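# Below: sequence and its predicted model.
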Amino acid sequence: MESIHAKPLVIAIDGFSSCGKSTLAKQLAKELHYVFVDSGAMYRAVTLYFIEQNIDLSNQQEVSNALGEIEITFQNIEGQNTTFLNGRNVESEIRTLQVSELVSEVAAISEVRRQLVALQRAMMGKCGMIMDGRDIGTVVFPDADIKFFVTADPIIRAQRRYNELISKDQKADLHDVISNLQHRDHIDTTREDSPLMQAEDAIVLDNSDFSIEEQFNFALDKINKKLAQKEN
């Protein structure tokens, strides 16, 4: 399916953990020649740094000092969006279960959210942008041209996450993955600062029974209709 060329859009993709948000965002960015910003990777990079530096999450001063020492950048390496933490490639390290178990707690810290939201907004330029996360369409870019809210059956999500870990030769137990996702869902949806929720104008994409290709075609069709509207 070919995309329509028109004025670039800002596209927000929100949803639960392990719903395939990043996969979809990367596919769309490649198709549309847009910039892809993985906000989840940014929170994971902060979490990794906090783990490595033994930061006490309840100590506001420690957290604040640590944030001042963190630089997060992205590079395209062999066609893959790659996360760098203070100049170090951490793309594999931030995807471990150890980081997954703590990232929601870190993301719930208001100071962390304020700093990363500011950084995310600063990344918006004149070119088209796709950003995925938990609060992109509600907080970061509430005026995004098009918003998707991605969801799927929790067990399906857990199986996908388990398969992903195994494919990367990481040790994983399906019951632990299910427990981790339940824990993250609870924190993401109930935190006081910028909780995960569906924006009123978001397009719901339940991909429980979708293949990756079907999900992509569904989203691209919606985007092309929006591009056609802006062209007219």
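Yep, it's here.

# the helices in the chain, which residues?
Applying DSSP state H to the chain gives helices spanning 21-32, 39-52, 60-67, 97-107, 110-122, 154-167, 174-190, 212-231.

# Would you mark the buried spots in the first one?
For helix 21-32, the buried set under the neighbour-count rule, 16 or more other C-beta atoms under 10 Å, comprises 21, 22, 23, 24, 25, 26, 27, 28, 29, 32. Every residue, glycine included, has its C-beta placed from N, CA and C.

# Against which helices or strands is that helix packed?
Counting contacts by 3 or more C-beta pairs under 8 Å, 6 or more residues apart in numbering; DSSP states H and E, helix 21-32 is packed against strand 10-15, strand 35-38, helix 39-52, strand 129-133, strand 146-151, helix 212-231.

# I'd like to know which of the ones you listed is closest to residue 110.
Ranking the helices and strands packed on helix 21-32 by proximity to residue 110 (C-beta to C-beta) places helix 39-52 first, at 13.2 Å.

# Can you spell out which helices and strands pack onto the closest one?
Contacts defined by 3+ C-beta pairs under 8 Å, 6+ apart place helix 39-52 against helix 21-32, helix 60-67, strand 72-77, strand 80-85, helix 97-107, helix 110-122, strand 129-133.

# what residues are up against residue 134?
Listed by C-beta atoms under 8 Å, 6 or more residues apart in numbering, the contact set of residue 134 reads 14, 15, 39, 40, 107, 188, 194, 195, 196.

# List just the nearest of those to residue 82.
Distance to residue 82 across these (C-beta to C-beta) is lowest for residue 40, with 14.1 Å.

# Distance-wise, check that closest one relative to residue 104.
To residue 104, residue 40 is 11 Å away according to C-beta to C-beta, to the nearest Å.

# contacting residues around residue 14?
Contact analysis of residue 14 by C-beta under 8 Å, 6+ apart lists 21, 132-138, 147-150, 196, 198-199, 202.

# wait, doesn't residue 106 sit right on residue 56?
No: look at residue 106 against residue 56 with C-beta atoms under 8 Å: they stay out of range, at 12.0 Å.

# Comparing these two, which residue is more hemmed in?
Comparing residue 106 with residue 56 by other C-beta atoms under 10 Å, the one with more neighbours is residue 106, at 21 against 11.

# per-residue confidence for that one?
Residue 106 carries a pLDDT score of 96 in this model.

# got it, and the one 5 residues further on?
Model confidence at residue 111, expressed as pLDDT, equals 95.

# Hmm, it is touching residue 68, no?
No: Residue 111 lies out of contact with residue 68 (C-beta under 8 Å); the separation is 10.6 Å.

# of the two, who's got more company?
A count of neighbours by other C-beta under 10 Å puts residue 111 above the other of residue 111 and residue 68, at 12 against 8.

# need the contact list for residue 98.
Residue 98 neighbours (C-beta under 8 Å, 6+ apart): residue 51.

# 10 Å instead?
47, 48, 51, 170 (C-beta atoms under 10 Å, 6 or more residues apart in numbering).

# now the second one: how far from residue 150?
What that stands for is residue 48. Separation of residue 48 from residue 150 (C-beta to C-beta): 24 Å.

# do the same with the last one
Taking C-beta to C-beta as the measure, residue 170 and residue 150 are separated by 23 Å.
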